[in-house]
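1. with the input below, show me the fold.
(one chain, ligands or ions: 1)
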Amino acid sequence: MKKKDLNPNQLSRRQMVKNSGLAMAGLSTTSLARTNASPTTTKQQVGKVALITGGARGIGRAIAIALAKEGANIVICDIAAQMSSIAYPMGNSEDMTTTKKLVEAEGVKCLSMQADVRSSTDLNKVVTQTVADFGRLDIVIANAGIANMGFIEQMDDDAWEDIIAVNLVGVARTLKATIPQLRKQNTGRIVVIASVSGRGGSPGMSAYNSSKWGAIGLTKSVAGEVGNNNITCNAICPTAIDTPMLQNDFVKKLWSPTNPTAAGLNEQMKGSHLLPIGLLDPKEIANAAVFLCSPQANFITGVALDVAAGSTARNTA
Ligand SMILES: NC(=O)c1ccc[n+]([C@@H]2O[C@H](COP(=O)([O-])OP(=O)(O)OC[C@H]3O[C@@H](n4cnc5c(N)ncnc54)[C@H](O)[C@@H]3O)[C@@H](O)[C@H]2O)c1
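-> Numbering: from 1, shown residues only. Below is the predicted model:
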């Protein structure tokens, strides 16, 4: 066969050997060509804007920093005030300043606003300001939450209902305020931070567990409402995470009464995990959120993703 008879779609032996080596290295000639043509950033959210409620500290802060590392401009909002029914210190304005500095250190912009997720007025102001400053909104992380414990007949009605008002109604109001802008752009990602507490029952945590079961139901229902606009809506269900929500005297005394220390709490949590770990670092939840907002999760919607070290493997509903 003369050289000119070669079908241009046929590869030479030399070419095939070269390509099989590339395949073994996990590369393709196409992806290499692309890499050579534009040696651009590997950051996946450059030019995007992410709003994180409860972003002053804890899981919200970790997600804000992680999305900033991916190149997104960040909006954080937080109540930054104490609710009277909550027995541990909540986020404050210094925490918000710290998150803003940590986000900006990643080379992106950060808008920080005080807002209570129970208030649609507050949330609408956050969305209006976000669009005024950045011109768009791409990612919504409904993370703000509170915890309280007590047997149902021992808890004040107000304390019980505060949990539902923030962890369930607050998420619903966050989605209601933000979805119109996502629809306008005909694309978007919503991630609700639920909990493994939304996967089962826990004596002494009826309000919290009810709120998290509700948040998962809300996520799955809204996923069906926004899918036509290329918007995904998923929940993450974290196990016990090393944040101020757990690292406080109230929780340590309740969950680790014989050793109410950080180490005691950690040991206590190990018992419920299949993997050899106690409290997880908030970065583990941020990793899951970054994934759900990435192109790798383009067609994942309506799921509740456990990041739980196996704690839900035995009896998840
Ligand atoms: N820490 C855990 O073990 C754990 C486990 C599973 C799920 N979660 C959930 O993760 C989310 C974040 O929790 P965290 O551990 O980072 O707690 P955290 O207390 O450290 O941070 C929560 C933030 O939300 C803010 N917030 C509370 N109520 C608000 C409101 N009404 N409006 C606006 N902001 C408000 C707080 O001020 C605080 O800054 C919560 O929804 C929580 O239920 C936490």
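2. quick one: name the residues of the stretch 151-300 of the chain near the ligand.
-> Residues of the stretch 151-300 of the chain found near the ligand (Cβ under 6 Å from any ligand atom) are 166-167, 170, 193, 195, 238, 240-241, 243-246. Heads up, the C-betas are built off the backbone N, CA and C, glycines and all.
3. quick one: residue 300 and residue 234 touch, right?
-> Yes. Counting by Cβ atoms under 8 Å, residue 300 touches residue 234, with 6.3 Å between them.
4. looking at the protein, which helix is longest?
-> Assignment by DSSP state H gives helix 206-226 as the longest helix of the chain.
5. same for the next helix-or-strand element following that one, what does it pack against?
-> Next along the chain after helix 206-226, taking DSSP states H and E as the criterion, comes strand 231-238. In this structure, strand 231-238 packs against helix 170-185, strand 188-193, helix 206-226, helix 282-292, strand 304-307, with contacts taken as 3 or more Cβ pairs under 8 Å, 6 or more residues apart in numbering; DSSP states H and E.
6. downstream of strand 231-238, the next helix or strand is which one?
-> Assigned by DSSP H and E, the successor of strand 231-238 is helix 249-255.
7. quick one: distance of that next one to the chain centre.
-> 25 Å (Cα atoms, centre = their mean, to the nearest Å).
8. about what we covered before: which of residue 300 and residue 234 has more neighbours?
-> residue 234 (24 against 15; other Cβ atoms under 10 Å).
9. distance of that one from residue 286?
-> With distances taken as Cβ to Cβ, to the nearest Å, residue 234 is found 15 Å from residue 286.
10. for residue 79, same thing?
-> Taking Cβ to Cβ, one finds residue 79 at 21 Å from residue 286.
11. can you check residue 48 too?
-> Counting by Cβ to Cβ - residue 48 and residue 286 are separated by 16 Å.
12. and for residue 255?
-> 24 Å.
13. between these two, which one's more packed in?
-> In terms of neighbours (other Cβ under 10 Å), residue 286 is the more surrounded of residue 255 and residue 286; the figures are 23 against 16.
14. pLDDT weak spots in the chain?
-> 1-39, 315-317 (pLDDT under 70).
15. one more time with 80
-> 1-40, 314-317 (pLDDT under 80).
16. for the helix or strand harbouring residue 263, give me every contacting residue.
-> Assessed by DSSP H and E, residue 263 sits inside helix 262-270. Identification of contacts with helix 262-270 by Cβ atoms under 8 Å, 6 or more residues apart in numbering yields 239-240, 246-247, 251-252, 255-256, 258-259, 276-279.
17. return the member of the residues you listed nearest to residue 292.
-> Closest to residue 292 out of those is residue 239 (17.2 Å), distances taken as Cβ to Cβ.
18. my guess is that closest one meets residue 313, correct?
-> No. Residue 239 is not in contact with residue 313 according to Cβ under 8 Å; the separation is 11.1 Å.
19. those two: who's more crowded?
-> Using other Cβ under 10 Å as the criterion, residue 239 and residue 313 rank with residue 239 on top: 24 against 11.
20. next up, the contacts around that one.
-> 196, 269, 272-273, 280, 306-309, 311-312.
21. re the thing from before, next, give me the two most distant ones among the residues of the stretch 151-300 of the chain next to the ligand.
-> Once Cβ to Cβ is applied, these give 170 and 240 as the farthest pair, at 21.4 Å.
22. just the buried ones from the residues of the stretch 151-300 of the chain next to the ligand?
-> Taking 16 or more other Cβ atoms under 10 Å as the criterion, what is buried in these is 166-167, 170, 193, 195, 238, 240-241, 243, 245-246.
23. strands along the stretch 1-150 of the chain, start to end?
-> 49-53, 73-78, 110-114, 139-142 (DSSP state E, counting those that start in this stretch).
24. who wins for proximity to residue 293 among these?
-> Across the strands of the stretch 1-150 of the chain, closest to residue 293 is strand 139-142 (Cβ to Cβ), at 5.1 Å.
25. same for whichever helix or strand comes after that closest one, what does it pack against?
-> Following strand 139-142 in sequence order, the next helix or strand is helix 157-164 (DSSP H and E). In terms of contacts (3+ Cβ pairs under 8 Å, 6+ apart), helix 157-164 is packed against helix 206-226.
26. helices or strands up against the helix it packs on?
-> Using 3+ Cβ pairs under 8 Å, 6+ apart: helix 206-226 touches helix 157-164, helix 170-185, strand 188-193, strand 231-238, strand 304-307.
27. again, only this time at 10 Å
-> strand 139-142, helix 157-164, helix 170-185, strand 188-193, strand 231-238, strand 304-307 (3 or more Cβ pairs under 10 Å, 6 or more residues apart in numbering; DSSP states H and E).
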